[in-house]
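>>> Got a sequence here, can you model it:
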Amino acid sequence: MRILIVEDEPKTAAYVRKGLSEHAYVVDVADNGIEGLHLATSGSYDLILLDVMLPGADGWTVLEALRRQRQTPVLFLSARDAVADRVKGLELGADDYLVKPFAFSELLARIRTLLRRGAAQVEQHARVADLELDRVRRRVSRCGTRIDLTAKEYALLDYFVRHVGEVVSRTLIAEHVWDMNFDSDTNVVDVAVRRLRAKLDDPFATKLIQTIRGVGYVFEPRDPRDQAP
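Prediction:
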């Protein structure tokens, strides 16, 4: 899942970004309304956390402009706790409104609720061939055998499952899983894929992660006997 934080208070942005990253979300941060709107309308995000009082363009303005183009779920984070402010945010099209200061546990619960009920909701349980992915409990298994993954391995697998059958480039993988611009001299993606394959594919006859030479990878089941030598 990819989340955009539009927040001009550095400590708050860093606090939320760190917490979400620890829960395997990929996070981008904008510190003003103009940049935030640009990222929100040009990028691909599952959720936007939006402050109200922002330089450049306030949160109300950002949300109004965003809603003319996209229906990405928006959660307002604001120190403005008046009922009128909350009502205004919801009437403009926000999906939720959380007053600062807040407990991270409550923010995380609200984020999960919004992502579950979003129009573009990803199924909580996914199956590809004999692979089962339980996004609620973050459990992975093949043929009934549980597979333990690190947070990044899980994020990489989840990205593959979301794009099953699609050829995805190393650049896209690096951007969505590591929140980094791809450097052709960096083999972080290939190393991560090898580690995931060792757990996910090597012990099983049917292989799920296929390499597309010069392009990237595709996640789809193939019997090794059907592949060209």
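
>>> Tell me the first helix or strand C-terminal of the helix or strand of the chain with the lowest mean pLDDT.
When each helix and strand of the chain is scored by mean pLDDT, DSSP states H and E, helix 170-177 comes last, with a mean of 82. Where DSSP states H and E defines the elements, the next helix or strand beyond helix 170-177 is helix 188-200.

>>> Quick check: Leu133 is in a strand.
Yes. Counting by DSSP: H, G, I helix; E, B strand; the rest coil, Leu133 falls inside a strand.

>>> That one: how many residues sit nearby?
Leu133 has 21 neighbours, counted by other CB atoms under 10 Å. Backbone N, C-alpha and C define where each C-beta goes, glycine included.

>>> Hmm, it is touching Tyr159, no?
No. With contact defined as CB atoms under 8 Å, Leu133 does not reach Tyr159; the gap is 11.3 Å.

>>> what about the closest residue to Cys143 other than its chain neighbours, how many neighbours?
Closest residue to Cys143 apart from its sequence neighbours, by CB to CB, 6 or more residues apart in numbering: Asp130 at 4.9 Å. Applying other CB under 10 Å, we find 15 residues neighbouring Asp130.

>>> same thing with the one 4 residues further on?
Other residues near Asp134 number 12, with proximity taken as other CB under 10 Å.

>>> Go ahead and confirm it touches His125.
Yes. Contact status for Asp134 versus His125: in contact at 5.7 Å, counting by CB under 8 Å.

>>> thinking again about what came up before, and the residue nearest to Cys143, how far is that from Ala174?
Distance of Asp130 to Ala174, computed by CB to CB, to the nearest Å: 28 Å.

>>> Then Val99?
36 Å.

>>> quick one, domains of this structure?
When the chain is parsed with automatic domain parsing, its domains come out as 2-117, 125-226.

>>> Least reliable of those domains by average pLDDT, please.
Of all the domains of the chain, the minimum mean pLDDT falls on domain 125-226 (a mean of 86).

>>> what about the strands in this structure?
2-6, 26-30, 47-51, 74-78, 96-99, 125-128, 131-134, 139-142, 145-147, 167-169, 207-212, 216-222 (DSSP state E).

>>> hey, which of these is tucked in deepest?
Of all these, strand 47-51 has the most neighbours on average by mean count of other CB atoms under 10 Å, namely a mean of 27.

>>> what helices or strands is that strand leaning on?
strand 2-6, helix 33-42, helix 59-67, strand 74-78, helix 104-117 (3 or more CB pairs under 8 Å, 6 or more residues apart in numbering; DSSP states H and E).

>>> give me the beta-bridge partners of the residue nearest to Arg17 when sequence neighbours are not counted?
Sequence neighbours aside, Val27 is the residue nearest to Arg17 in space, at 4.7 Å (criterion: CB to CB, 6+ apart). Legend: beta-bridge partners of Val27 under DSSP bridges are Ile3.

>>> From here on, call the first residue 48.
Shifting the count to begin at 48 puts that one at Val74.

>>> what's near enough to touch Val74?
Listed by CB atoms under 8 Å, 6 or more residues apart in numbering, the contact set of Val74 reads Arg49, Ile50, Leu51, Ile52, Val63, Arg64, Leu67, Ser68, Asp226.

>>> For Ser68, see how far away it is.
Using CB to CB, one gets 6 Å for the distance from Val74 to Ser68.

>>> now do Asp132
From Asp132 over to Ser68 the distance is 29 Å, taken as CB to CB.
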